[in-house]
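[1] fold the stuff below for me.
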Amino acid sequence: MFLTCRAKLACAHPLRRFAALALLAVVPQFAAAQEAPKPAADPADAALAASIVEKADQVRFPAEGFEVGVTIATTTPSNPADMRKYRILSKGNENTVVMTTEPASERGQIMLMKGRDLWIFMPAVSQPVRLPLAQRLTGAVANGDLARANFAGDYKPVLLRTETVDGEAAYVLELTAVDRSVTYQRVVYWVSRSNYFPRKAEFYSMSDRLLKTCHYEKFEKMAGRVRPTRLVMQDALRKGEESVLDYAEMRLRDLPDKIFTKDYLKRLE
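    Numbers count the residues shown, from 1 in each chain. Sure thing, here's the model as predicted:
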């Protein structure tokens with residue numbers, strides 16, 4: 001018959017019993033100290049990180065309704081350049097329509113984003129097809145890269161440090177996805193300290209594998225303020241593959257909510 005720890009202690013020499021009881025009293029306290037939660041992040045730091053991301057979002061795209069054309073040129077070491085063109089209608093970072101205008105074989109295809117829900121409508125298919133934001137659209141570009149650009153709404157930011165990018169001081173932030181439906185599960189994001197211009201981003205998968213690196217370039221005035229008009233995306237999984245997104249003719253538009261509905265898409269051209 002086996003004795004419990006405390007029963008054995010009862011039969012032990014008094015000095016040994018005292019030492020053992022003292023040890024039993026210390027061990028739980030030590031374990032509790034080891035399991036103590038880490039202190040919460042400073043609310044001021046969290047607010048600063050959120051503010052930086054929000055201001056960078058406002059630089060990238062207007063908060064109001066707008067229209068813009070996008071040309072995507074994808075190059076690989078072994079294939080000629082692939083060129084595609086899209087027209088985007090967007091409103092408030094939560095509603096977006098992406099219309100394919102070139103190539104001609106895909107003209108008429110329309111993606112609709114409502115919140116984080118994305119569908120594609122094709123002329124030859126009667127019903128819309130649900131798509132994930134993370135799915136590859138063309139080259140190094142995912143559906144969400146065109147349809148949803150709401151970093152402030154999709155990620156929880158943490159300010160890591162500051163460093164110099166292209167000779168300019170920049171905040172370096174880590175963005176963690178709020179859930180699995182967003183385009184990327186983690187983003188490391190460089191934002192200029194002086195004007196909140198986005199400079200660079202690294203996009204990671206759920207397994208924390210680097211998928212691509214994006215450089216924000218060619219800052220010009222569009223729709224009332226200076227914005228990056230060129231994004232250069234370098235694929236980390238397909239060596240040598242690069243997609244360049246050129247934005248042009250951005251203009252503010254009063255877009256009624258009915259445009260961002262499945263029924264209305266049939267009227268868009």
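
[2] any weak-confidence spans in the stretch 51-200 of the chain?
    The model of the stretch 51-200 of the chain has no residue with pLDDT under 70.

[3] can you pull the phi/psi pair for residue 231?
    phi -120, psi 130 (degrees, to the nearest 10).

[4] give me the beta-bridge partners of it?
    In this entry, residue 231 is beta-bridged to residue 216, residue 245, by DSSP bridges.

[5] so it makes contact with residue 219?
    No. Residue 231 lies out of contact with residue 219 (C-beta atoms under 8 Å); the separation is 11.6 Å. All C-beta spots, glycine's among them, are computed from the backbone N, C-alpha and C.

[6] and those two? Which one has more around it.
    Per other C-beta atoms under 10 Å, whichever of residue 231 and residue 219 has more neighbours is residue 231, with 23 against 16.

[7] show me where the protein has its helices.
    Ranges of helices within the chain are 5-11, 14-34, 43-60, 143-147, 151-154, based on DSSP state H.

[8] need the contact partners of stretch 104-117.
    Applying C-beta atoms under 8 Å, 6 or more residues apart in numbering, the external contacts of stretch 104-117 come out as 84, 94-101, 118-123, 128, 130-131, 133, 143, 146-148, 154, 181-182, 260-262, 265, 268.

[9] cool, and stretch 229-244?
    Here stretch 229-244 has contacts from 72-77, 138-141, 145, 209-220, 222, 245-248, using C-beta under 8 Å, 6+ apart.

[10] show the buried residues in those residues.
    Buried subset of those (neighbour count, 16 or more other C-beta atoms under 10 Å): 72-74, 76, 138-141, 145, 211-216, 219, 222, 245, 247.

[11] so which of these belong to strands?
    Mapping those onto strands (DSSP state E) picks out 72-74, 138, 141, 211-216, 219, 222, 245, 247.

[12] beta partners for residue 222?
    residue 225.

[13] how near is residue 256 to residue 171?
    37 Å (C-beta to C-beta, to the nearest Å).

[14] correct me, but residue 260 touches residue 97?
    Yes. Under the criterion of C-beta under 8 Å, residue 260 makes contact with residue 97 at 6.4 Å.
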